[in-house]
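Enquirer: Requesting a structural model of the entry that follows:
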Amino acid sequence: MNTISNVGKNLRRIRISQNLSIFTVSIDLQMSYHNISNIERGFENPSLKTLDKLANYYNIHIKTLFDEPT
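Expert: Numbers count the residues shown, from 1 in each chain. So this is what the prediction gives:
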């Protein structure tokens, strides 16, 4: 599995575990719904700034996003 796919799967898993919708995250972070969806599905390569923003929002260490998905 590649890194972009791992990041996306981890972001989706974390978002769902926190009972958040993509819509809620997009509003809170002022990001496009489609942008978040594409990152989670591994269709978009997010910048480090975006990953940091998401990690802070979910209150996790950015390294967690690169772990092998469970």
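Enquirer: Could you list every helix and strand that the longest helix seen in the chain packs against?
Expert: Ranked by residue count and defined by DSSP state H, the top helix of the chain is helix 3-17. For helix 3-17, the packing partners by 3 or more C-beta pairs under 8 Å, 6 or more residues apart in numbering; DSSP states H and E come out as helix 33-40, helix 48-58. Every C-beta, even on glycine, is put in place using the N, C-alpha and C of the backbone.
Enquirer: winner for burial among those helices?
Expert: helix 33-40 (a mean of 17; mean count of other C-beta atoms under 10 Å).
Enquirer: ok, and what's touching it?
Expert: Here helix 33-40 makes contact (C-beta atoms under 8 Å, 6 or more residues apart in numbering) with 7-9, 11-12, 15, 22-23, 25-26, 29, 44, 46, 50, 54.
Enquirer: follow-up on the earlier one: closest one to residue 3 among the helices and strands packed on helix 3-17?
Expert: If you check each of those against residue 3 by C-beta to C-beta, helix 48-58 wins as the nearest, at 11.0 Å.
Enquirer: tell me the contacts of the residue lying closest to residue 18 once chain neighbours are set aside?
Expert: Ranked by C-beta to C-beta, 6 or more residues apart in numbering and with sequence neighbours excluded, the top spatial neighbour of residue 18 is residue 58, at 6.4 Å. Applying C-beta under 8 Å, 6+ apart, we find residue 58 in contact with 11, 14-15, 18.
Enquirer: cool, and residue 50?
Expert: Contacts of residue 50 by C-beta under 8 Å, 6+ apart are 31, 39.
Enquirer: quick one: contacts for residue 70?
Expert: If you count contacts by C-beta under 8 Å, 6+ apart, residue 70 has them with residue 13.
Enquirer: in the longest helix of the chain, what counts as buried?
Expert: Under the neighbour-count criterion of 16 or more other C-beta atoms under 10 Å, helix 3-17 has 6-12, 14-15 buried.
Enquirer: Now do it: everything it contacts.
Expert: In contact with helix 3-17 (C-beta under 8 Å, 6+ apart) are residues 21-22, 25, 36, 39-42, 45-46, 51, 54, 58, 60, 64-70.
Enquirer: contacting residues around the helix or strand just after it?
Expert: With elements assigned by DSSP states H and E, the helix or strand that comes after helix 3-17 is helix 22-29. Helix 22-29 is touched from outside by 15, 31-33, 35-37, 40, 53-54, 57, with contacts defined as C-beta under 8 Å, 6+ apart.
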